[in-house]
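> Provided below are the primary sequence and the corresponding predicted coordinates.
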2 protein chains.
Amino acid sequence: MSLEHILLGMLAEPASGYDLKAEFEAGARHFWFAELSQIYPTLRRMERRTWLTSQEEPSPSGPARRVYTRTRLGTAELLKWLRSGPVVGVERFAYIGQLIFLGQLNDLETTLAFLERLRDLHREKLQFLKAAEKETSAKFAGDPDERDGVEFHEHLSLRMGIVSLGAKVRSCNECIKRVKDRMAAETSHV
Amino acid sequence: MSLEHILLGMLAEPASGYDLKAEFEAGARHFWFAELSQIYPTLRRMERRTWLTSQEEPSPSGPARRVYTRTRLGTAELLKWLRSGPVVGVERFAYIGQLIFLGQLNDLETTLAFLERLRDLHREKLQFLKAAEKETSAKFAGDPDERDGVEFHEHLSLRMGIVSLGAKVRSCNECIKRVKDRMAAETSHV
DNA sequence: CCACGCATGTAATAGGTTACATGATTTA
DNA sequence: TAAATCATGTAACCTATTACATGCGTGG
């Protein structure tokens, strides 16, 4: 399972399940996501495996927080995962299937609307990543070398997301052009 | 669930579970994948819902085949799904997390090896898609307008995959360059 | 007093993988 | 006769989503 390893990575500093969920919402959302109802039992399981320890802490506002700390064993497991090479799981892109099957409808107007909507969805995510990059690069305006290792790697991951989402937007635009050309060709020689 | 809709789309022509699995292996693999042990019960469920009907057919080689045919109800469901707009599920990219967490190791050699391996994995998939595009575009060398709607849409989906994977390869190369620059900067002013 | 944010969890269900079971026909 | 391909399925398990339950503290 990867969620366990993602949580190990996020637990460089001690945090509660609630904190980790907030981190998914705030920034990690572009590469992973988990519900609280999955996070809580997963943390418990990891504690049983002695990858984590937990302490209950009173909260200034609300019920007691259970704060998890990564153990040496947990850190060792994380390193093992990182050194095992990139984990590229099976990818499932329903919208690519939809695009293919729209051929059975053969209504280019619908295909066009579909592609424009898809482009807008990609564009929204792209804006989010670009905003995040702008925010961090402002901090290192003078000398990008000042970034520490963690910040440098975070920046790499943002660059990856930005380049790859930018291409998705462009690929939608390319397809939109192809559809428009085909529509024009159809009306002209019918 | 999307697998049901993917199968509906693939059943433009009657096919068995075994056939559908083969189609996933051959070409649909770049956007979806399912095991036989998931396909068989799913087809049965769809039949109970009257989206499909099935007939047993003797096989020339091997046990009887259960061939599924899409009903008008199944087709209606497919169209409903297609017209509901692009389905962009939650994306989980473990390797982006790994790249971020490699910052905690802060061993640029390991990051470099990771990125090179990731690029090679993306490149392999890209080669597969490019080969598929070449194969089909050879068929329509003279006039691309000769493609029917199905072939046209299949081509669009290939273009999307090629542009987007190409960008992933490039984003790896960009990151590799950044890592090398940082390594050079480190050795020079230490 | 009610809504909202903080905080933890369980239960039921759905989606997906791995392992196992069965048996026919073809090819080496 | 053994292995490979064809063909269908079940069972156990893991992963993930949705719905539900509980309760504290703060601000309107």
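Sure, I can see it.
> tell me which stretches of chain A form strands.
Along chain A, counting by DSSP state E, strands occupy A:15-16, A:52-57, A:65-70.
> would you turn these into TSV with mean pLDDT?
TSV is the format used below for the strands of chain A (pLDDT from 0 to 100):
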stretch	mean pLDDT
strand A:15-16	98
strand A:52-57	96
strand A:65-70	97
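> put together a markdown table for those, with distance to residue A:41 on each row.
C-beta coordinates here come from the backbone N, C-alpha and C atoms, glycine included. Listed next are the strands of chain A as a markdown table, based on distance: least, CB to CB, whole Å:
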| stretch | distance to residue A:41 |
| --- | --- |
| strand A:15-16 | 14 |
| strand A:52-57 | 13 |
| strand A:65-70 | 12 |
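> how far away is residue A:65 from chain B?
Residue A:65 is 23 Å from chain B, where distance means CB to the nearest CB, to the nearest Å.
> now do the contacts for that residue.
By CB atoms under 8 Å, 6 or more residues apart in numbering or on different chains, the contact set of residue A:65 is A:16, A:18, A:56, A:57, A:58, A:59.
> that older thread, for the strands of chain A, which one sits closest to residue A:93?
For those, proximity to residue A:93 was assessed by CB to CB; strand A:15-16 is nearest, at 31.7 Å.
> elements contacting that closest one?
Other elements packing on strand A:15-16 under the criterion 3 or more CB pairs under 8 Å, 6 or more residues apart in numbering or on different chains; DSSP states H and E are strand A:65-70.
> how about chain A: which residue is closest to DNA strand D?
residue A:1 (2.7 Å; CB to the nearest atom of the strand).
> tell me which parts of chain A are close to DNA strand D?
Proximity of chain A to DNA strand D (CB under 7 Å from any atom of the strand) is limited to residues A:1, A:2, A:3, A:33, A:34, A:35, A:37, A:38, A:60, A:61, A:62, A:63.
> between the longest helix seen in chain A and helix B:149-188, how big is the angle?
Using DSSP state H to define each element, chain A has its longest helix at helix A:149-188. If you take axes from the mean of the first three to the mean of the last three CA atoms, to 10 degrees, helix A:149-188 sits at 160 degrees to helix B:149-188.
> might you list the low-confidence residue ranges for chain A?
Scanning chain A for pLDDT under 70 picks out the ranges A:190.
> show me it divided up by domain.
Domains of chain A are assigned by automatic domain parsing as A:3-83, A:94-188.
> nearest to residue B:91, out of those?
domain A:3-83 (7.4 Å).
> establish whether the closest one and DNA strand C are in contact.
Yes - residues of domain A:3-83 contacting DNA strand C under CB under 7 Å from any atom of the strand: A:16-19, A:36-37, A:40-41, A:43-44, A:59-67.
> buried residues, stretch A:19-30. List them.
Within stretch A:19-30, the residues scored as buried using 16 or more other CB atoms under 10 Å in any protein chain shown are A:19, A:20, A:21, A:24, A:27, A:28, A:30.
> what's the closest of the residues you listed to DNA strand C?
residue A:19 (6.8 Å).
> report the contact partners of the nearest residue to residue A:130 once chain neighbours are set aside.
Excluding its sequence neighbours, the residue lying closest to residue A:130 (CB to CB, 6 or more residues apart in numbering or on different chains) is residue A:162, at 6.2 Å. For residue A:162, the contacting residues are A:126, A:129, A:130, A:133, by CB under 8 Å, 6+ apart.
> rewinding a little: quick one: buried ones out of the residues of chain A next to DNA strand D?
Buried residues within the residues of chain A next to DNA strand D, counting neighbours by 16+ other CB under 10 Å: A:2, A:3, A:33, A:34.
> need the max-distance pair from the residues you listed.
Largest pairwise distance in those, by CB to CB, is 11.8 Å, between A:2 and A:33.
> what sits in contact with each of the two?
Contacts common to residue A:2 and residue A:33, judged by CB under 8 Å, 6+ apart, are residue B:92.
> roughly how far does residue A:82 sit from residue A:114?
Residue A:82 sits 39 Å away from residue A:114, going by CB to CB, to the nearest Å.
> cool, residue A:138 as well?
37 Å.
> for the closest residue in space to residue A:118 that isn't next to it in sequence, list the residues it contacts.
Closest residue to residue A:118 apart from its sequence neighbours, by CB to CB, 6+ apart: residue B:86 at 4.3 Å. For residue B:86, the contact set (CB under 8 Å, 6+ apart) comprises A:95, A:98, A:114, A:117, A:118, A:121.
> is it possible to get TSV of those that adds neighbour count?
Output for those, formatted as TSV (neighbours: other CB atoms under 10 Å in any protein chain shown):
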residue	neighbour count
A:95	22
A:98	27
A:114	24
A:117	15
A:118	25
A:121	16
